[in-house]
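Chemist: Any chance you can model this:
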Amino acid sequence: MDPSNPYGSSGTSHHAASQDRWEILKPVIERLYMAENTKLRDLVNVMKRDHGLDAFDHQYKYHFKKWNWKRNLSTKKKSVISAALQTRAAAGKASAVITHKGQPVDPKKIRRHIKDTARQELIVSRDSAAGRQVLFGRALPFGNRIFLNWNMPYGALRLSRNKAIDHLSPFGPAVTTPQSDIIVATPSTGAPSPNNAPSPISKALAKKIMSGWLYQFWFFAFKSAKTWGRGPRNWTADSLGFAKYQEALPISLPNTPSATFNETSHRPSHSESSNTWSNSINSRPKPSHLCRWVIHVPNECVQWEETEPTFLLQMDAQNPHDETSWTNWPTAWHQPPFQERLRDALEHNDFSTMKTDQLPVAVPQIVTAAKKSPNELLEEAFGFSIMTRNVELMDDLFGQIVVANVDISGLYPLHAATSYLDGSKSCCDLLEVLLSKSSFNARQACVNDLGHTIFDNLMIAILKSHTSVAPVAVDDALRNDVRFIGEEVDICGRWDADSDCVRLLLARGDPSIPFEWKHKFCHMSIQTICHCILVLFSSLSPLRLGTESGLYIKHCLQPQCGLKLQPQPLHTLVLTAFHLACSGCEDEDLFGMLACLLCLISCGADATRKANISIAALFRGDENIEHCTHGELTPAELAEQLLTLSSLTANWSKKIRVGWRVFCNILRQCLEQAEETFGDSDMEIERDEEELHDIDDDIIVNPEGPAPKYLYEDHDTQHTRPFRRNRNLAALWAAVQTEFLTYRRLKEGDAWISEYFNMESLLESLDNGGYLSIRLVEEHLMNTFCVCGVFDSYHPHRPTVKDVTHQYIANLDVWDRATYIAIREE
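Modeler: Down below sits the predicted model:
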C-alpha cells in the first residue's frame, strides 16, 4: 500500500460526499501542508494526482480557515515564544525546542522576529491611546521624527515613564505561555541545539548604544541650533563635552532593584551599590534660584551694529567653553545651511564618541535617506530652531519651508514653542513670529494630536515650572509619564538642556527636574505667560481662543449618562490655579494666577460660560456609577466649590488663602458684571461708553501728568469693555501689568512682590467695595490707560516699562541678567 494514500487504490474517497472527502483527507493534507511545508500550488497537484481531490486554491484556503490552520505564527505568539526564550537564556537554561500545535517551529523565524522587534523599538512608534512613544516614553510634540525626539540619554529615557521597558528579569518567575498550543521545552540529551536568541542583556546593550548615539546627535543639533549665528561654527564630541557627562548607569533589567520607582515622588530611584557612579554625577548641583529676564523696548531704542570682523574667520578664537569669547558670525559662516550641517554631521560622525561600526544600524543608510528626503531633514531642523528659541534661524528656515512647499502642520509649531518657553531670552517673541507668518495656518494648529490647545500648553508651562504636579493630573492619557515635555528648559532662564546641572541630572538617569530646583510662579514667568496669551489674542479670533480645553477631561461613570466633562478655558485656568495652590512652591501667593485671570478676561473670555464639571471625579477619584456627580458650573462657582475639598486646602498658607480669596472675588465680579450688562441695548452701551470717558482721574490717570487720553479709536466695540462697568477691574489689570513689568527679585531673601503691590490690602479693598488699596493706584504711579486696562503704547498688548509708569520705580536694569528685545512692528 502506498503510504501516502491510506485508502489504497480502491478510490473510495473519490465517491464520498464532498464534505466527507475533505474530512477523510484532512490528515493527509495536514501532513503535507503543516508538517512538510508543501507549497499550496504543489499541494493542489499532489492531492489531485494521488487522491483524486479536484479542488481550487480558494477551496483549500476556506478549509484551512475552517480547521484553524495557520502555518505562519501570529506576532503575538512569536512575542510569547521570544519572551520565554529570553527568560530561559537569562536564567542560564539550555536552548529550547519549540512546538506550536504539536509542530516544530523554525528557530530562524523567532530570531528574525526578535531582531525586527529590537529595530522597531529604536524607532518612533505610535500609541493609539496616549499619543506617540519614543523607545520607552512619550515623544516630543514633533510627530514621527526620530532625531527631534531623542532628547535624553538611555538611562533617563528608559525611566521617563512609570511603565518599565519590556525586558524580562531572570530573577522573576518563569514565563508561562497563555496559549496552550505553544510549548517551549529543554531538548533531550543529544538533540540538536538551535541557535540561542539574543539575551536580554545583549538587547539592553544594543539599545543603550543606539540610544546614546541618537542622544549625542540630538544634543549636537540642539547646541548647533542654539548657537547658530554666534560662537563656535562647528561642534564636535570634544567641544560638546560628552566625556565629562558620560553615563555611569549600569546595564540592568526592569523589575530589578536598579530600575524601580518611588511611587510617592514620581521620580525614579536607583541602587546606591554601584561603584561606577562618579562623585560629580552624584553631587547633582542645583541651579540658582534667581531668575534672568527679558525687557521689551521700542524698536527705535535699539541700535543695530553691522560688523564683519575678519578675525572671526579663525575658529579657535571662539572658545566653546567660554561664552564671553563668542561673537557674531560673518556671513560666510552661514553656509552650508543648518539642515545640510546636520546631514554632514551624520556622514562624518565627528559629533559622537561612538564609532559607526559599533552601532546596531547602518549609518550610511541613514545618510542616504537624509539626502533623498531633504524636506524631512528641513522639518527636523525647523523643529530644533523652535526648541532652542533661535528666532533668526527659525525665520530663515521658515522661508525655505515656504519655498519648498513643505507641510509642517505635523510639527505643531505653536505647541512646540509654548512647550519650550524661555522668558530670559525670547519671552513671547518666538510665538509672535510664528503667528505672523501669512502662509502658516494657525487655525489648524490650535489643537494638537492630544487634543490640547495652545492655551492648555501655557497652563502646563505653569505647572511644570512651579509645582510638583505629575502629568496625569492634567490628562489621563499622560498617566505613564513622569515628566512634562520641555522640562529641560526653564521658563525663568535658570537652566537649559545644555546646562551642567541638567546634563549631570540626565547622566544620573533622572528624567525629571527635581522639585527643589523650582520656585514660585515669579514675575518673569508671569510676564511670559501673559504676553503669550496677549499675542495669541491679537493673532487669533476670540472663537479660537474659546475652544474647549483638552486638559482635566473626565467622563461620567453613570452607565445611562457617560457625559464627557470638558472644561472651558477659564475653568482650566481655575483648576490650574488650584493645583498651584495645593502643590506649588514655598512663598506661593497666587499673584501670577490673578494676572493670568485678568489677562484672559481682558482678551474677551466669557465669565458666564458654564461647563459640566465633576469635582469628585477630578480630585477624589470618584467611581460612583449609581449617580451623576457633575453639574454645570461657571468658573466662579467652580473656584468656590473647590474650597470644599478640605483635605487638600487644610495646609494652605496664609498667602495662599488670601490669594485664593482675591482670585474668587475677581471671578465673581466678572460674572456679575457680565450678567448685569447682558442684553443691554445699543443705546445703553453708547451711554455707558460716554460715561466711561468721564472716569475719575484719581483712579485712572496721574493728575499731575498729561490730560486723560483714552484709546477707543484703537479698539473695536467688542473689546473696549472686557470689564464692563467695573472701573476697579480695569485699574487692577493695569496695576498688575505694571507690577510684573517693573519688579524682579534681585537676591535670595528679597520679596517676590514689590512694595507697590500688596495682596492683603487688595483683598480688603475688594471686600469693602471701595477703591483699590494698591500703592501703584493710590500714589498715581501709573501712566494713562483705558477702560480695558490697556496702556497708550506702541504695541497696545505689550507695553514697555516706560509705557506703564512715568516714575522710574523699576529695578530691572541688571545687565548680566537682562536681555533686551525690540518690539516687532505689527
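Chemist: and the gap between the residue nearest to the spatial centre of the chain and residue 453?
Modeler: The centre of the chain sits closest to residue 485, judged by Cα atoms, centre = their mean, with a distance of 3.0 Å. Residue 485 is 15 Å from residue 453, where distance means Cβ to Cβ, to the nearest Å. Quick note: C-beta positions are derived from backbone N, CA and C, even for glycine.
Chemist: domains of this structure?
Modeler: Domain ranges of the chain: 12-66, 689-821, per automatic domain parsing.
Chemist: could those go into JSON lines alongside distance to residue 78, mean neighbour count and mean pLDDT?
Modeler: As requested, the domains of the chain are exported to JSON lines (distance: least, Cβ to Cβ, whole Å; neighbours: other Cβ atoms under 10 Å; pLDDT from 0 to 100):
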{"stretch": "domain 12-66", "distance to residue 78": "17", "mean neighbour count": "14", "mean pLDDT": "81"}
{"stretch": "domain 689-821", "distance to residue 78": "56", "mean neighbour count": "17", "mean pLDDT": "78"}
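Chemist: Indicate which one of the ones you listed is closest to residue 391.
Modeler: domain 689-821 (9.1 Å; Cβ to Cβ).
Chemist: Include distance to residue 367 when you put the domains of the chain into JSON lines, please.
Modeler: Below are the domains of the chain laid out as JSON lines (distance: least, Cβ to Cβ, whole Å):
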{"stretch": "domain 12-66", "distance to residue 367": "40"}
{"stretch": "domain 689-821", "distance to residue 367": "37"}
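Chemist: These: which one's closest to residue 626?
Modeler: domain 689-821 (40.7 Å).
Chemist: quick one: the closest one to chain centroid distance?
Modeler: 34 Å (Cα atoms, centre = their mean, to the nearest Å).
Chemist: so who does residue 667 touch?
Modeler: 570, 574, 597, 607, 635, 636, 639 (Cβ atoms under 8 Å, 6 or more residues apart in numbering).
Chemist: pretty sure the fifth one is touching residue 572, no?
Modeler: In this case it means residue 635. No: the pair residue 635 / residue 572 is not scored as a contact, 9.2 Å apart, by Cβ atoms under 8 Å.
Chemist: Which one of those two is surrounded by more residues?
Modeler: residue 635 (32 against 25; other Cβ atoms under 10 Å).
Chemist: how far away is the residue nearest to that one when sequence neighbours are not counted from residue 371?
Modeler: Nearest residue to residue 635, sequence neighbours excluded (Cβ to Cβ, 6 or more residues apart in numbering): residue 570, at 4.0 Å. Distance from residue 570 to residue 371, counting by Cβ to Cβ: 50 Å.
Chemist: Look at those two and report which has more neighbours.
Modeler: residue 570 (27 against 13).
Chemist: Name the helix or strand for the more buried one, please.
Modeler: helix 569-583 (DSSP states H and E).
Chemist: again, but for residue 788
Modeler: Judged by DSSP H and E, residue 788 forms part of no helix or strand.
Chemist: Isn't it up against residue 726?
Modeler: No: contact status for residue 788 versus residue 726: not in contact, 11.1 Å apart, counting by Cβ under 8 Å.
Chemist: before we move on, back to that, I figured the residue nearest to the centre of the chain was touching residue 421, is that so?
Modeler: No: using Cβ under 8 Å, residue 485 is not in contact with residue 421; the gap is 11.5 Å.
Chemist: and whichever strand or helix holds residue 403, how far from the chain's centre?
Modeler: Here residue 403 sits within helix 391-404, counting by DSSP H and E. Here the centre of helix 391-404 is set off from its chain's centre by 23 Å, with Cα atoms, centre = their mean.
Chemist: what does it contact?
Modeler: Counting by Cβ under 8 Å, 6+ apart, residues outside helix 391-404 touching it are 225, 228-229, 337-339, 375, 378-379, 381-382, 385-386, 408, 426, 429-430, 433-434, 437, 439-440.
Chemist: Much appreciated, bye for now.
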